[in-house]
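1. Quick one: sequence plus predicted model below, questions after.
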Amino acid sequence: MIDLKYLQNNFEEASAKLHIKGVAVSTLEMLQTLFSTLKSCNATLESSKAEQNSMSKLFGQYKREGKDIAELKAKVDANKEAMIPMQDKARDAEEALYSLALTIPNFPDMSVPEGKSEEDNVELRKVLAPKSFAFTPKEHWELAQINGWIDFERGVKLAKSRFSVLRGEASRLERALINFFLDTNAKKGFVEHSVPFINNASMLQGTGQLPKFEDDLFKIEGEDLYLIPTAEVPLTNLYNDEILSEKDLPLLMTGYTPCFRKEAGSAGRDTRGIIRQHQFNKVEMVAIAHPDKSQAVFEMMVENASDILTALGLPHRVVELCGGDLGFSSAMTIDLEVWLPGQNQYREISSISNTRDFQARRAKIRFKAEASADKKNKKNRFVHTLNGSSLAVGRTIVAIMENYQNEDGSIEIPEVLHKYM
RNA sequence: CGGGAGAUGUCAGAGUGGUCGAAUGUGCCGGUCUUGAAAACCGGUGAGGGUUAUACCUCCGGGGGUUCGAAUCCCCCUCUCCCGGCCA
């Protein structure tokens, strides 16, 4: 959630930033109006309550002293009666305020390149040159067929379209990759976690998937539960509604989970192969960082994910997302795109974001500052949360298949994975 | 899924209609004492809103209700523990 006080005090700046993410000024004006309505309602309501409280105390005193309470009761009743409409007004304003506020995306960072869509993203660098093939490289679904690695038809039979089955060597490759990713992350200080793959609505709201993107989620019927679309949800929300101690920051976490997405808006896209599935495996990094130090953590995370691709010998490029392509919760995102020779293009394989205090506000993740001379700053502050894939497992399999293919369709296994298989 | 008990501050644990944001112990922070530490003693120590700062408001699992007044009474929900059923 955005900082409503900031919005109120810097309306021009805030609305310019959110314009990049397609938020209309009128929406923000509405938000601001609700916010000030709520504040003024609360102010009057609180003074009425103060009066009510003090009269109630008197009431007790009168009774003990055996005084007549009829007059006092009449006053107290009248005051109580008068509070009701104000209470209703405040409640309505609060409800409207928060239901609107929860749909407003995060501010993009000042440094984020301008642009409307994917087209305007900025390539920062390329790592490893694509290898040239003496033959025409095949796409991964052809290779899957040749090697019997992926059973698309039976995946569909078991569930529905966009589900598939990995078989034999491919399944072992998947397991090897998960272990390799987790081990590499652990070496960088990320503590491995094994978390629930089902989370409740409040957690999904904490990281920003709800209430706005409910259509993208698989919901458990009759329960307040959803299949997680990414491990970012459980890992970040591990500290939901907690106050951490400054000396524990940054918290670096990693975990492997399957991810479940309805892919509601992507009918017709990537229908062949396993690039876009309803269920895919991913190893995720999540960091909970001190606000002054989140940028350094962010860069470390990008480097870590890129190093993993390099270790696998997979050519990739590092791309900074423009304002228009940023996700809902993100202030700044860097994507890693891996080279797919069969498709003859770079495809996203990792996405690393700094959400700053946006998720922390929603999920109420704060930290207590170390005792310092500065007593004014004693207030608990929101942490910064960051997340990034390291890496998407299915897409890594695709990348290995396409980059390590031989002319006869057989596939080499990257050197670093040998000890895992 | 059925029966019983419970949910209070870091933790333990009192409080069953007013003077309770909450006893006491413990933990933590600061101080005295000490060569240093421990012990002992003294002081401080939950969260959110609000204010220049105070006042002041809200929060005793969550939501609703009764009452002038609710941690305390009533209803619903969630969770935890114990017993039984089922089960990797």
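-> Received, thanks.
2. For RNA strand B, what's the nearest residue on the stretch 201-350 of chain A?
-> Nearest residue of the stretch 201-350 of chain A to RNA strand B (C-beta to the nearest atom of the strand) works out as A:I243 at 5.9 Å. (Glycine included, C-beta is placed from N, CA and C.)
3. burial count for the closest residue to that residue other than its chain neighbours?
-> Spatial nearest neighbour of A:I243, excluding adjacent residues (C-beta to C-beta, 6 or more residues apart in numbering): A:R366 at 4.9 Å. The local packing of A:R366 (other C-beta atoms under 10 Å) involves 19 other residues.
4. what secondary structure does A:R366 sit in?
-> Here A:R366 takes the strand state, with states given by DSSP: H, G, I helix; E, B strand; the rest coil.
5. what is it paired to in the beta sheet?
-> Beta-bridge pairing for A:R366 (DSSP bridges): A:I243, A:F382.
6. Can you name the residues that contact it?
-> With contacts defined as C-beta atoms under 8 Å, 6 or more residues apart in numbering, A:R366 is in contact with A:E242, A:I243, A:L244, A:A360, A:N380, A:R381, A:F382, A:V383.
7. Which one (most neighbours) among those residues?
-> Counting neighbours by other C-beta under 10 Å, A:V383 leads those with 29 neighbours.
8. pLDDT wise, what is that residue at?
-> Here the pLDDT value assigned to A:V383 is 94.
9. can you map out the helices along the stretch 1-150 of chain A?
-> A:4-9, A:11-19, A:25-65, A:70-101, A:140-147 (DSSP state H, counting those that start in this stretch).
10. most packed of those helices?
-> Comparing these by mean neighbour count (mean count of other C-beta atoms under 10 Å), helix A:140-147 ranks first with a mean of 20.
11. which residues make contact with it from outside it?
-> A:138, A:149-150, A:152, A:169-170, A:272-274, A:340, A:342, A:397-398, A:401-402, A:405, A:409-411.
12. Could you give the average pLDDT over it?
-> Here the average pLDDT along helix A:140-147 is 97.
13. Please tell me how far the residue of the stretch 251-400 of chain A found nearest RNA strand B sits from A:V297.
-> Relative to RNA strand B, the nearest point of the stretch 251-400 of chain A is A:N380 (3.7 Å; C-beta to the nearest atom of the strand). Going from A:N380 to A:V297 by C-beta to C-beta, to the nearest Å gives 20 Å.
14. Residues of chain A that sit close to RNA strand B?
-> Proximity of chain A to RNA strand B, by C-beta under 7 Å from any atom of the strand, involves residues A:5, A:39, A:42-43, A:46-47, A:49-50, A:52-57, A:59-60, A:63-64, A:73, A:76-77, A:80, A:243, A:366, A:368, A:371, A:379-380.
15. doesn't A:E299 make contact with A:M332?
-> No - judged on C-beta atoms under 8 Å, A:M332 makes no contact with A:E299 at a distance of 10.6 Å.
16. Contacts only, for the residue of the stretch 251-400 of chain A closest to RNA strand B.
-> A:I243, A:R366, A:F367, A:K368, A:A369.
17. try it again with 10 Å
-> Contacts for A:N380 (C-beta atoms under 10 Å, 6 or more residues apart in numbering) come out as A:I243, A:L244, A:E246, A:K364, A:R366, A:F367, A:K368, A:A369.
18. Kindly report the domain assignment for chain A.
-> Annotated domains of chain A cover A:4-101, A:118-420 [automatic domain parsing].
19. winner for burial among those?
-> domain A:118-420 (a mean of 18).
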